[in-house]
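> Okay, sequence plus prediction incoming.
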Amino acid sequence: MRQLLLQYIIHNELYPKNLIQVEKSIVVNDMIRRFDIVIYDKSIHPFILIEVKSHTLKLNQSAFDQVARYNIALKAPYLVLTNGVSTQCARIDHELGEFEFLDSLPSLPSNEVL
């Protein structure tokens, strides 16, 4: 599933390969965790954090909470949760502690495209 998503975001969404990192360890609440995919902006700041679940698992609050916890360390402005059947994307306002669900993946700002 992860490989299919990577192909999609590279070829359809046109995110540059050199701004994508897969399966990297981070520390969250003094515990080592591993995120699935992060897309960085041109300044190498996390832009989108993506968590990929099995197609047999339903996307629920627990799964969304997991990716949100990982984002405590990364502070990406966008979160994506997918199981290949369903995808949720949200914009996060870290200062206000608010989020908004989106209908599609965000594009890198035009000045960010390599």
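Arrived safely, thanks for sending.

> Next one: the residue of the chain most remote from its centre from residue 46, what distance?
What lies farthest from the middle of the chain is residue 30; by Cα atoms, centre = their mean that is 21.2 Å. The gap separating residue 30 from residue 46 is 20 Å, by Cβ to Cβ, to the nearest Å. C-beta: built from backbone N, CA, C; applies to glycine.

> returning to that earlier point: need the phi and psi values for the residue farthest from the centre of the chain.
Main-chain dihedrals, residue 30, degrees, to the nearest 10: phi 60, psi 20.

> For it, give me the pLDDT.
For residue 30, the model assigns a pLDDT of 88.

> again, but for residue 111
The model's pLDDT for residue 111 equals 53.

> Return stretch 62-79 as CSV; C-alpha atoms alone will do.
Only the C-alpha atoms of stretch 62-79 are listed here, as CSV (Å, rounded to 0.1, in the frame of the first residue of the first chain):
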residue,chain,number,x,y,z
SER,A,62,-7.6,6.0,17.2
ALA,A,63,-5.8,6.0,13.9
PHE,A,64,-6.1,9.7,13.5
ASP,A,65,-4.9,10.3,17.0
GLN,A,66,-1.8,8.2,16.2
VAL,A,67,-0.8,10.3,13.3
ALA,A,68,-1.6,13.5,15.3
ARG,A,69,0.7,12.2,18.1
TYR,A,70,3.5,11.7,15.7
ASN,A,71,3.0,15.2,14.5
ILE,A,72,3.7,16.6,17.9
ALA,A,73,7.4,16.1,17.1
LEU,A,74,7.3,17.1,13.4
LYS,A,75,4.7,19.9,13.4
ALA,A,76,3.7,19.4,9.8
PRO,A,77,0.8,21.7,8.7
TYR,A,78,-0.9,18.7,7.0
LEU,A,79,-1.8,15.2,8.1
